[in-house]
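Visitor: could you look at this predicted model? Sequence included:
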Amino acid sequence: MKLPRLEEMNSERFLNEVLEENKREQWRKSTLIRRNVYLWLFIIGMLCVLYTALVNRMTLCILSLCLAIVSLVIMTKYDTQLYFLKILKLRDEQKDKEPDHA
């Protein structure tokens, strides 16, 4: 199994590969999975904030809030990447529907 390289999310490799239609769906699926993981971490963090506030554990409440905030920020980055992929797909579909002008 080939391990993914750690790199910036909107790297040159990402931009080159999503402009090719055959790799775009693979990027969309992997980005959707990552976004959903961080969404669940955000939800769990918020539930932990609620629980720890009810049982008067301030330190755990602050740590849970930090987990929720960090996961929300990362989830938003992946959500932006998904939106970019969606725009590329819609642009290609619109280009296919337009008649060729000679």
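Guide: Great, that's in hand. Computed from a predicted model, the values in this text were never measured in an experiment.

Visitor: so where is the protein shaky, pLDDT-wise?
Guide: Where the chain drops to pLDDT under 70, the residues are 1-11, 15, 99-102.

Visitor: mind checking the longest helix of the chain?
Guide: helix 58-97 (DSSP state H).

Visitor: distance of residue 63 from residue 39?
Guide: As judged by CB to CB, to the nearest Å, residue 63 and residue 39 stand 19 Å apart. In this view, the C-beta of every residue, glycine as well, is placed from N, C-alpha and C.

Visitor: repeat that for residue 68.
Guide: Going from residue 68 to residue 39 by CB to CB gives 11 Å.

Visitor: between those two, which one's more packed in?
Guide: Applying other CB atoms under 10 Å to residue 68 and residue 39 shows that residue 68 carries more neighbours, namely 19 against 16.

Visitor: doesn't residue 42 make contact with the more buried one?
Guide: Yes: Residue 68 is in contact with residue 42 according to CB atoms under 8 Å; the separation is 5.3 Å.

Visitor: which ones are touching the one residue sitting closest to the centre of the chain?
Guide: Note on the chain: the residue nearest the mean C-alpha position is residue 78, at 1.9 Å, using CA atoms, centre = their mean. By CB atoms under 8 Å, 6 or more residues apart in numbering, the contact list for residue 78 reads 9, 31, 34-35, 38.

Visitor: highest neighbour count among the residues you listed?
Guide: residue 31 (21 neighbours).

Visitor: list the residues that contact that residue.
Guide: For residue 31, the contacting residues are 78, 81-82, 85, by CB under 8 Å, 6+ apart.
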